[in-house]
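Q: Let's see this in three dimensions:
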Amino acid sequence: MITLGTSRPVRAERKLRVVVPTPLYGGSLPVAYHVDEALRGLGHETILLRFDQHYGLYQQCGDAARDQEAKRTLQGTFAILLADLAAETAITSGADLVWYTAQSPVSVRSLRMLRSNGIQTAFWFVEDIRRFEYWKALAPEFDIVFSIQQGEALQALSAAGARRVEYLPSAANPAMHRPLERTAEEREAFGAPVAFVGAGYPNRVRLFDLAKLRDVKLWGNDWPPAWTPRLQENGRRVSPEETVRIYNATDINLNIHSGVTEQPLERGDFVNPRTFEIAACRAFQIVDRQAPMAELFSEDEIAIVDSVDDLTQAIDRYLSDPAARHRMSEAAYRRVLSEHTYEHRMRHALECLGLSQPRTSRRASMPTIVDLKAAAYGDLEMQAFFAQFDDAAPARLADLVARIPAGERELSRAELIVLLMNEFRQWGVEKSVIR
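A: All right, here's what the predicted structure looks like:
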C-alpha cells in the first residue's frame with residue numbers, strides 16, 4: 001500500500017540511469033513522458049525511447065498485411081523488435097532500471113535479457129486490467145508491477161505470478177497540468193458552464209441520458225449520433241495541451257470514470273488521471289465516487305457524487321455558487337502539489353525497488369536458473385536441460401552436475417557442456433586461480 005506523503009520530493013540521493021520506452025500510441029503514452037520528466041526532476045539520468053514516433057510504421061505493417069493473421073504477425077514482430085531495442089539500449093548504456101508503462105513494447109525474451117544483465121524492470125499498469133489479457137504472460141517477468149487499481153486487481157496480478165505487486169495511483173504533472181490565464185478567445189473556443197472530456201463509454205452515455213445533460217459540452221471520440229449536437233470538433237481526439245485549456249476555461253468539469261458495463265455509476269477500484277490533472281489546473285470538478293478516493297481527496301476539495309440525482313443536484317448547486325467552486329479548486333490544487341505529482345509517485349516507486357540506497361554491485365547476488373535460461377535463449381538443448389529446475393533456484397554448478405544421471409546412456413550436448421564446465425572449475429580450484 002502506498003504511503004501518501006505531504007512534502008515535496010527532494011532530489012535523488014544518488015543518480016540512476018533509467019531507460020523509459022514509451023508506448024506506440026494510446027492513453028498510456030502521455031504517462032511515459034510524465035514519468036521521464038519526473039525522474040529527471042528527481043535528479044536521475046533518463047534515456048527516453050520515443051516509440052510513438054514509429055507509430056506510422058507500425059500502422060503501415062498492418063496496412064500491408066493480406067489478412068488479420070498476417071497483420072498480427074507483422075505488427076507483433078515490429079513490437080518485439082522495439083522491445084529488443086529497449087533491452088539492448090539498457091544493457092549497452094549500463095542502466096539501473098527500465099521503466100515500462102502499459103502498452104510499452106516488451107517481451108518475455110527482452111525482460112529475461114535484462115535480468116541476466118542485472119538490470120531491474122518495473123511495469124506501471126495505468127489501465128484497467130479487466131479490459132486486457134496481455135499482462136498475464138508478462139507479469140511474472142518484471143521485478144515489480146505497479147497498478148493504479150486496488151483489491152482484486154492486485155490479487156489477480158499476484159495470481160498471474162508477479163514477483164511483487166504494489167498500488168501506485170495516477171498523478172499530475174504540474175509542468176503541463178497547471179493554471180492558465182484565459183483569454184476571451186480561449187473561453188469562447190474551449191470554455192463552457194459544464195463540459196466533459198473523454199470517450200463515449202456506454203456507462204457515460206447512459207448516465208448523461210438519465211441526467212438529461214443536454215447542455216453539456218462534449219470533447220472526445222466514440223459518442224453515439226444522438227450526442228453529435230453537443231460534440232465539439234466533430235468528435236476528434238483532444239491533445240493533452242488542449243485538454244488543459246478546456247479544464248481551465250470550464251466552470252464545472254465533469255469527471256466520470258469509464259466502466260466496463262452500462263451501469264451509469266460504478267464504484268471502481270481506481271482513480272483516473274483526469275482527477276489529478278483537473279485539480280492541478282486549479283479547476284473545479286464533479287467526480288463519481290471510487291473506492292480509493294477517500295485517501296486521495298476530501299469532499300472539501302472535490303465534489304463527489306454517488307447517484308444520478310447527486311450529479312444533477314451538484315451541477316445546479318455549483319453553477320450558482322462560484323465562491324464554493326473557487327474555494328474547493330484551490331484546496332484540491334494545494335493537495336495535488338503536496339502529495340499527488342509524478343515526482344511523488346516515482347520517488348515511492350524507486351523506494352519500493354530499493355534504488356534509493358547507495359549503489360551496490362549488480363553481480364553481488366547469486367544468479368538464478370531463470371538467468372541461465374535467458375542467457376541460453378535460442379539454444380533448445382540447453383533450455384531443455386534447465387527446464388528440470390525451478391526458475392527461482394540458485395544457479396549453482398554443483399546442483400546442475402548432480403542432476404546428470406550416472407550410467408551407460410549417451411549424454412546430451414547440454415550435459416556434456418555442464419560436465420566440462422565443472423571439470424574446468426575443479427582445475428581452477430586445484431591451481432588456486434578459482435576459489
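
Q: From now on I want contacts and neighbour counts done on CA atoms only, so please keep to that.
A: Noted.

Q: biggest helix in this structure by residues?
A: Longest helix in the chain by number of residues, with DSSP state H as the criterion: helix 68-93.

Q: Show me which residues of it are buried.
A: By neighbour count on 16 or more other C-alpha atoms under 10 Å, the buried set for helix 68-93 is 71, 74-76, 78-87, 89-91.

Q: Over to stretch 182-199?
A: By neighbour count on 16+ other C-alpha under 10 Å, the buried set for stretch 182-199 is Phe190, Gly191, Ala192, Val194, Ala195, Phe196, Val197, Gly198, Ala199.

Q: Please identify which of those is nearest to Thr243.
A: Ranked by distance to Thr243 (C-alpha to C-alpha), those are led by Val197 at 7.3 Å.

Q: Where in the protein is the helix or strand with the lowest mean pLDDT?
A: Least confident helix or strand of the chain, by mean pLDDT, DSSP states H and E, is helix 369-375 with a mean of 75.

Q: Tell me where the stretch 51-200 of the chain has helices.
A: Taking DSSP state H, counting those that start in this stretch as the criterion, the stretch 51-200 of the chain contains helices spanning 55-64, 68-93, 108-116, 135-138, 152-159, 184-190.

Q: can I get the ones you listed in CSV with distance to Glu301?
A: Formatted as CSV, the helices of the stretch 51-200 of the chain follow (distance: least, C-alpha to C-alpha, whole Å):
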stretch, distance to Glu301
helix 55-64, 39
helix 68-93, 41
helix 108-116, 41
helix 135-138, 35
helix 152-159, 27
helix 184-190, 24
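
Q: right, and these - which one's nearest Thr250?
A: Comparing the helices of the stretch 51-200 of the chain under C-alpha to C-alpha, the one sitting nearest is helix 184-190, at 7.4 Å.

Q: Identify the residues contacting that closest one?
A: Counting by C-alpha atoms under 8 Å, 6 or more residues apart in numbering, the neighbours of helix 184-190 from elsewhere in the structure are Arg245, Ile246, Ala249, Thr250.

Q: Quick check, the last one in contact with Val194.
A: Read it as Thr250. Yes - Thr250 is in contact with Val194 according to C-alpha atoms under 8 Å; the separation is 6.5 Å.

Q: and the least confident helix or strand of the chain, what other elements does it pack with?
A: Counting by 3 or more C-alpha pairs under 8 Å, 6 or more residues apart in numbering; DSSP states H and E, the packing neighbours recorded for helix 369-375 are helix 108-116, helix 380-386.

Q: what separates Ala160 from Ala283, distance-wise?
A: Between Ala160 and Ala283 the distance is 39 Å, computed by C-alpha to C-alpha, to the nearest Å.

Q: Just want to know which of those two has more residues nearby.
A: Ala283 (28 against 15; other C-alpha atoms under 10 Å).

Q: And the pLDDT at the more buried one?
A: The predicted local confidence for Ala283 comes out at a pLDDT of 98.

Q: So if we follow the domain assignment, how does this protein break up?
A: The record assigns the chain these domain ranges, following automatic domain parsing: 17-171+344-352, 184-337, 369-430.

Q: With His177 as the reference, name the closest of those.
A: His177 lies closest, by C-alpha to C-alpha, to one member of the domains of the chain: domain 184-337, at 5.3 Å.

Q: any low-confidence regions in this protein?
A: Low-confidence segments of the chain (pLDDT under 70): 1-13, 356-366, 374, 377-378, 428-429, 431-435.

Q: For it, which segments are assigned as strands?
A: Counting by DSSP state E, the chain has strands at residues 17-21, 45-49, 97-101, 120-125, 144-147, 165-167, 192-197, 217-219, 250-255, 285-288, 303-305.

Q: Nearest to Arg425, out of those?
A: strand 120-125 (29.3 Å).

Q: ok, the closest one: who's next to it in the sheet?
A: Within its sheet, strand 120-125 is paired with strand 97-101 (parallel), strand 144-147 (parallel), according to DSSP bridges.

Q: Measure how that strand sits relative to helix 108-116, angle-wise.
A: Computed with axes from the mean of the first three to the mean of the last three C-alpha atoms, to 10 degrees, the direction of strand 120-125 lies at 140 degrees from that of helix 108-116.

Q: Just want the angle from strand 120-125 to strand 17-21.
A: Relative orientation of strand 120-125 versus strand 17-21 (the same axes, to 10 degrees): 40 degrees.

Q: C-alpha coordinates for strand 120-125, PDB please?
A: Taking only C-alpha atoms (Å, rounded to 0.1, in the frame of the first residue of the first chain), the coordinates of strand 120-125 have been written out as PDB:
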ATOM      1  CA  GLN A 120      15.800  -4.100 -12.800                       C
ATOM      2  CA  THR A 121      12.500  -3.800 -14.600                       C
ATOM      3  CA  ALA A 122       9.300  -2.100 -13.400                       C
ATOM      4  CA  PHE A 123       5.800  -2.100 -15.100                       C
ATOM      5  CA  TRP A 124       3.200   0.600 -14.300                       C
ATOM      6  CA  PHE A 125      -0.200  -0.700 -15.400                       C
END
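
Q: For it, what is the distance to the chain centroid?
A: Going by C-alpha atoms, centre = their mean, to the nearest Å, the spacing between the C-alpha centre of strand 120-125 and its chain's C-alpha centre is 8 Å.

Q: Tell me which residues are up against it.
A: 96-102, 111, 114-115, 142-148, 168.

Q: now with 6 Å?
A: Strand 120-125 has contacts (C-alpha atoms under 6 Å, 6 or more residues apart in numbering) with Leu97, Val98, Trp99, Tyr100, Thr101, Ala102, Phe142, Asp143, Ile144, Val145, Phe146, Ser147.

Q: roughly how far apart are the closest residue in space to Arg72 that isn't next to it in sequence and Val271?
A: Residue nearest to Arg72 in three dimensions, not counting chain neighbours: Gly62, with 7.5 Å by C-alpha to C-alpha, 6 or more residues apart in numbering. Per C-alpha to C-alpha, Gly62 is found 34 Å from Val271.

Q: again with Arg245
A: Arg245 is 22 Å from Val271, where distance means C-alpha to C-alpha.

Q: and what of Arg325?
A: Here the criterion is C-alpha to C-alpha. By it, Arg325 lies 21 Å from Val271.

Q: Then Arg50?
A: Computed as C-alpha to C-alpha, the Arg50 to Val271 distance reads 27 Å.

Q: Counting neighbours, go ahead and name the busier of those two.
A: Neighbour totals were compared for Arg50 and Val271, and Val271 leads with 22 against 16 (other C-alpha under 10 Å).

Q: Double-check Gly235 against Asn221; I have them as touching.
A: Yes - counting by C-alpha atoms under 6 Å, a contact exists between Gly235 and Asn221, whose distance comes to 4.6 Å.
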